[in-house]
Every structure is written in C-alpha cells, then in structure tokens.
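>>> Build me a model:
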Amino acid sequence: METADLYQSLTFLAYATGAIVIIVGGMLVKVLFDVSKLTKNINETAAEVRTELVPTLKNINKSVEIVSGIIIKTDEGVNKIKEAIKNSPLNIFSKIAGVTGSISRGFMSGLCSAFKLFSKKK
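So this is what the prediction gives:
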C-alpha cells in the first residue's frame, strides 16, 4: 500500500509542477509581450523627439550666432568709445574731476573741523 501512496504522491507532484510551469510560462509570455510593446513605444517616441529636436537645435544655434555677433559688435563699439575718450580732451576733464573731488573733500573736512572748534562751549 505504501508504494501506491508513493506513486499517487509523485503523480500529484508531477501534475502540480506541470501546472506551475504552464502558469509561469504564460506569465513570462505576457511579460515579454508587454516589453515588446514598450520597446515599440519607446522607439516611436525617440524617433518623434529626434525629428522635433533637430530643427529646435538649428534654431538655437542660429540664435546663439546672432547674439554672439551682437555681443562682438557691442564690445567693439565700447572699445572704440573707450579709445576715443582716452585720446580726447575729455580724459583731462576726468582727471581734473578726480583732483577737484579730493580738494573739495579736504575743504569740507576743514570747514567741519572749524565749526566744531568754534561751536564748543566752555
């Protein structure tokens, strides 16, 4: 009787293993199908992004070139103005303004000192 029970247990184990293998195989096929769909969607998305990205990058490059040209022209203009001011008589006036500023500061500080000296009460 023991061998009959053993055979019956082994038969049940074989059927259960077969059923589990079939279930796992079905789930594996479903996962592979979903991965395949996902890969197709990613490819489509990448192709669409690529087609949209190329013109956008061209526009950005043109904009950068335009802005760079404007910056270069502005820099050249500023340098020309600096050179013109450096070579013109206006440069002398800027130096005179610095000297008169220091003289006026000294005069004002002396004047304040005199007011403080005379305003002291004894």
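
>>> how close does the residue nearest the centre of the chain get to residue 70?
Central residue of the chain (Cα atoms, centre = their mean): residue 60, 15.0 Å from the mean position. Remark: distance between residue 60 and residue 70 (Cβ to Cβ, to the nearest Å) = 16 Å. Backbone N, C-alpha and C define where each C-beta goes, glycine included.

>>> for residue 19, same thing?
The value you get for residue 19 to residue 70, if Cβ to Cβ is used, is 75 Å.

>>> pLDDT on whichever strand or helix holds residue 18, on average?
Taking DSSP states H and E as the criterion, residue 18 maps to helix 2-87. Average pLDDT, helix 2-87: 91.

>>> distance between it and the chain's centre?
Here helix 2-87 is found 20 Å from its chain centre; the criterion is Cα atoms, centre = their mean, to the nearest Å.

>>> other SSEs contacting that helix?
Counting contacts by 3 or more Cβ pairs under 8 Å, 6 or more residues apart in numbering; DSSP states H and E, helix 2-87 packs against no other helix or strand.

>>> Make 212 the first number, not 1, from now on.
Sure, I'll start numbering at 212, so the last one becomes helix 213-298.

>>> neighbouring contacts of stretch 320-328?
The contact list for stretch 320-328, computed with Cβ atoms under 8 Å, 6 or more residues apart in numbering, is empty.

>>> Just the C-alpha atoms of it, please, in PDB.
Extracted C-alpha coordinates of stretch 320-328, given in PDB (Å, rounded to 0.1, in the frame of the first residue of the first chain):
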ATOM      1  CA  SER A 320      36.500 118.400   6.300                       C
ATOM      2  CA  GLY A 321      38.500 121.500   7.300                       C
ATOM      3  CA  LEU A 322      35.300 123.600   7.400                       C
ATOM      4  CA  CYS A 323      33.600 121.000   9.600                       C
ATOM      5  CA  SER A 324      36.600 121.000  11.900                       C
ATOM      6  CA  ALA A 325      36.400 124.800  12.200                       C
ATOM      7  CA  PHE A 326      32.700 124.700  13.000                       C
ATOM      8  CA  LYS A 327      33.300 122.100  15.700                       C
ATOM      9  CA  LEU A 328      36.100 124.100  17.200                       C
END
